[in-house]
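Asks: sequence below, structure please.
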Amino acid sequence: MDDDLRSRRRRLRGFSINRLIPNVLTLAALCSGLTAIRFGLQGQMKLAVIAIIVAAIFDALDGRELFNCGLLEPRKISKRHKKLFISEQQTKAMLRYMRDFRS
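Replies: Presented below is the predicted three-dimensional model:
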């Protein structure tokens, strides 16, 4: 019984809540981006723009937290920024298309 408890404690020592923070921020950014698309489909463009700004803030905080935790290497930062930039531009393009299509 004691051996089982000791092995569980050893496994949990490597686990840190701080390592989950970047994942939570990424999830919040993803939800905010999808919410922006939903607002755009409903014709609420002001709320869609606010949701995009919130998603950009979460993305920035996520990248900073990844770098501070040491989970992101400096040479991979530019690759990550390019991917995020492309995904944010796609969302903005969709909203512009929806705005022009409804007008």
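Asks: what about Asp62, helix or strand, and which?
Replies: Using DSSP states H and E, Asp62 sits within helix 45-69.
Asks: mind listing the helices for the protein?
Replies: 2-13, 21-42, 45-69, 77-102 (DSSP state H).
Asks: worst average pLDDT in the ones you listed?
Replies: Of all the helices of the chain, mean pLDDT reaches its minimum on helix 2-13 (a mean of 60).
Asks: flag every buried residue along stretch 21-37.
Replies: 21-22, 25-26, 28-29, 32-33, 35-37 (16 or more other CB atoms under 10 Å). In this view, the C-beta of every residue, glycine as well, is placed from N, C-alpha and C.
Asks: and if you look at stretch 57-68?
Replies: 58-59, 61-63, 65-67.
Asks: one more: stretch 35-46?
Replies: 35-37, 39-40, 45.
Asks: how about the nearest residue to Asp62 once chain neighbours are set aside, what does it touch?
Replies: Nearest residue to Asp62 in three dimensions, chain neighbours excluded: Leu25, at 3.8 Å (CB to CB, 6 or more residues apart in numbering). Taking CB atoms under 8 Å, 6 or more residues apart in numbering, we find Leu25 in contact with 58-59, 61-62, 65.
Asks: go through those residues and name the one nearest Ser87.
Replies: Nearest to Ser87 among the contacts of Leu25: Asp59, at 8.9 Å, using CB to CB.
Asks: right, and that closest one touches Leu66 too?
Replies: No: counting by CB atoms under 8 Å, Asp59 does not reach Leu66; the two are 10.7 Å apart.
Asks: skipping adjacent residues, who's closest to Leu61 in space?
Replies: Leu25 (5.3 Å).
Asks: state the distance from that neighbour to Ala56.
Replies: Distance of Leu25 to Ala56, given as CB to CB, to the nearest Å: 12 Å.
Asks: quick one: contacts for the residue lying closest to Ala28 once chain neighbours are set aside?
Replies: In this structure, Ala28 finds its nearest non-sequential neighbour in Phe58, 4.7 Å apart by CB to CB, 6+ apart. Phe58 makes contact with 25-26, 28-29, 32, according to CB under 8 Å, 6+ apart.
Asks: okay then, goodbye and thanks.
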